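Q: sequence first, then the predicted structure, then my questions.
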Amino acid sequence: MKIGVLTLIRLLAAFALLAQPNGAIEGRVVSKVDGSGIAGATVTVGPRTLTTDSGGAFHVDGLAPGQFVIGAKMEGYFPAQVPAGIGGTAAATVTIALTPHAFLAGKVMGADGRPTPRASVEVTQAVRRTGTTTYYWTATTGEDGRYRVGPLQPGSYRILAHAPSEQAVIDTYFPSASTAEDAQTVVVRGGEQLGGLDIRMLSVPRHSVAGTAFDDHGAPAEATVALSPCTPGTKPHATARTAPDGTFQFPGVPEGEWCLAVEVLQSGIKLKGGTTAIVHADVSDLAIHLAAPFTYQATVEPREMALGLPSNSTLPMPRWARHTAMNEPETMQLFTLQPFMPAATTSISSEPRPHIISTRSASASRMCSARRRCSRPEARRFA
């Protein structure tokens, strides 16, 4: 049987048409709040981009069988993605729900009710089941004391206002609380524009905190002093540079517990020191002695030996004692820690049982530093 040229061409064209990808995906982009279609949203399917119609619908064809990730975005909404699979000629149908942006707004006022310009507003959201993970959003109030924070996802939030340091107020949570535990939580739903979240700052007496920094030789130190709340992880409230005679001063410090940290680099050696001040009146006599890291040797002995009781077991060398000077007979261990910063108490734990080394800060600082050979201080504690 003979096949004409024209017939052959038609057959080849038909086979080519059948070989072309003919899968399709269709769907809608809607608001997660009320399910209404979102017109003009941008939809991406692989390298292809298209726009939804007036009802939020879209359609794309000519797709090969397989798995796809369909993305959608629109101004005023958080973007979203959904998976879709094509296994034959039938079109896959998807719905992509976008969450509209939410915002919080209000005004920060002083204790006298007047607007507080240039106040920093911090909005936090703790994420469930993730320990201490927290999301932050920040804004600064205008001259009228007003702020607006967003865009925000649905969730529960706390609002904290930080006033400029020259004002006699403390950091205050919404609506007027001094601690996060007493703050009012704001629940936000998708697309909400919550206003009227006004914060009245709490006033507190302020005092002067002053003192002198000394280096490891007892001479006045020209160093940097940082004043911070004693809550772990908080940023410094203020910093200052000591005068040539080692003195420093922080005016207008709110009442409460404050931690001071001092640091300076001398002859290539970093000296550090610090203290805590309970401020209920002017403080003028703080003395902060700096010290450098030093090599520390100590002996750890079992409780039985310390009490004079018989002991048939040896004390394993702690894993953290990396610099071992020697192993003394059977029941005692001599180890070296380097570098080691002076501290009132240094607690160290290791398996198979805990070991606690308690140093006497003042004597250790005087005896040991990077500039002086360290003698063996009397800082023995039972394991």
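A: Ah, there it is. Numbers count the residues shown, from 1 in each chain.
Q: which residues sit in contact with Thr42?
A: Thr42 is in contact with 49-51, 72-74, counting by C-beta atoms under 8 Å, 6 or more residues apart in numbering. C-beta coordinates here come from the backbone N, C-alpha and C atoms, glycine included.
Q: which of these tops the neighbour count?
A: Among the contacts of Thr42, the one with the most neighbours (other C-beta atoms under 10 Å) is Ala72, at 26 neighbours.
Q: the helix or strand it falls within: partners in the sheet, and parallel or antiparallel?
A: Assigned by DSSP states H and E, Ala72 belongs to strand 66-73. With DSSP bridges as the test, strand 66-73 is paired with strand 42-45 (antiparallel), strand 80-86 (antiparallel).
Q: so which bits of that strand are buried?
A: Going by neighbour count (16 or more other C-beta atoms under 10 Å), the buried part of strand 66-73 is 68, 70-73.
Q: most tightly surrounded among the strands paired with strand 66-73?
A: Compared across the strands paired with strand 66-73, strand 42-45 shows the largest average neighbour count, a mean of 19 (mean count of other C-beta atoms under 10 Å).
Q: show me where the stretch 201-350 of the chain has its helices.
A: 303-306 (DSSP state H, counting those that start in this stretch).
Q: for it, what spans make up the strands?
A: 202-203, 206-214, 224-229, 238-241, 247-254, 256-266, 269-279, 283-289, 294-300, 323-326, 333-340, 346-348 (DSSP state E, counting those that start in this stretch).
Q: what's the fourth one packed up against?
A: What that stands for is strand 238-241. Strand 238-241 sits against strand 224-229, strand 247-254, with contacts defined as 3 or more C-beta pairs under 8 Å, 6 or more residues apart in numbering; DSSP states H and E.
Q: at 10 Å instead, please
A: If you count contacts as 3 or more C-beta pairs under 10 Å, 6 or more residues apart in numbering; DSSP states H and E, strand 238-241 packs onto strand 206-214, strand 224-229, strand 247-254, strand 256-266.
Q: same check, this time on the second one
A: Helices and strands touching strand 206-214, as assessed by 3+ C-beta pairs under 10 Å, 6+ apart, comprise strand 224-229, strand 238-241, strand 247-254, strand 256-266, strand 269-279, strand 283-289.
Q: one more pass at 8 Å, please.
A: strand 247-254, strand 256-266, strand 269-279, strand 283-289.
Q: each with direction, which strands does the first one pair with?
A: Meaning strand 247-254. Note on strand 247-254: by DSSP bridges, its sheet partners are strand 206-214 (antiparallel).
Q: would you put the C-alpha positions of the partner strand in CSV?
A: These are the backbone C-alpha positions of strand 206-214, laid out as CSV (Å, rounded to 0.1, in the frame of the first residue of the first chain):
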residue,chain,number,x,y,z
ARG,A,206,15.6,59.1,88.3
HIS,A,207,19.0,59.4,89.9
SER,A,208,22.6,59.8,89.0
VAL,A,209,24.9,56.7,88.9
ALA,A,210,28.7,57.5,89.1
GLY,A,211,31.9,55.7,90.0
THR,A,212,35.5,55.0,89.0
ALA,A,213,37.1,52.2,86.9
PHE,A,214,40.5,50.8,87.8
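Q: quick check: angle from it to strand 269-279?
A: Following axes from the mean of the first three to the mean of the last three C-alpha atoms, to 10 degrees, one obtains 150 degrees for the angle between strand 206-214 and strand 269-279.
Q: oh, and call the first residue 186 from now on, that's how I've got it
A: New numbering, starting at 186: the last item is strand 391-399.
Q: show residues contacting strand 391-399.
A: For strand 391-399, the surrounding residues in contact (C-beta under 8 Å, 6+ apart) are 353, 405-406, 408, 410, 412, 427, 430-440, 443, 445, 447, 449, 458, 460, 462, 464-475.
Q: alpha carbons only: can I get the strand holding Ala257 in CSV?
A: What follows is strand 251-258 as a C-alpha-only set of coordinates in CSV (Å, rounded to 0.1, in the frame of the first residue of the first chain):
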residue,chain,number,x,y,z
GLY,A,251,4.2,16.2,36.9
GLN,A,252,4.2,18.1,40.2
PHE,A,253,4.0,21.9,40.4
VAL,A,254,4.1,24.6,43.0
ILE,A,255,1.6,27.4,42.3
GLY,A,256,2.4,30.7,43.9
ALA,A,257,0.3,33.8,44.2
LYS,A,258,0.9,37.3,45.4
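Q: in its sheet, what does the very next helix or strand once past it sit against?
A: For strand 251-258, the succeeding helix or strand toward the C-terminus, using DSSP H and E, is strand 262-263. Here strand 262-263 has these sheet partners by DSSP bridges: strand 277-285 (antiparallel).
Q: and the helix or strand following the partner strand, what does it pack against?
A: The C-terminal neighbour of strand 277-285 among helices and strands, as given by DSSP H and E, is strand 287-294. Strand 287-294 makes packing contacts with strand 331-337, strand 340-347, strand 371-373, strand 378-379, strand 384-385 when contacts are defined by 3+ C-beta pairs under 8 Å, 6+ apart.
Q: that older thread, of the contacts of Thr227, just say which sits nearest to Gly247.
A: Using C-beta to C-beta, Leu235 is the member of these that lies nearest Gly247, at 12.1 Å.
Q: looks to me like that closest one is in a strand.
A: Yes: counting by DSSP: H, G, I helix; E, B strand; the rest coil, Leu235 is part of a strand.
Q: let's have the strands paired with strand 251-258 in a markdown table, adding distance to Thr364.
A: Converted to a markdown table, these look like this (distance: least, C-beta to C-beta, whole Å):
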| stretch | distance to Thr364 |
| --- | --- |
| strand 227-230 | 45 |
| strand 265-271 | 37 |
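Q: make TSV out of those strands and add distance to Phe399 and mean pLDDT.
A: As requested, these are exported to TSV (distance: least, C-beta to C-beta, whole Å; pLDDT from 0 to 100):
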stretch	distance to Phe399	mean pLDDT
strand 227-230	64	95
strand 265-271	60	92
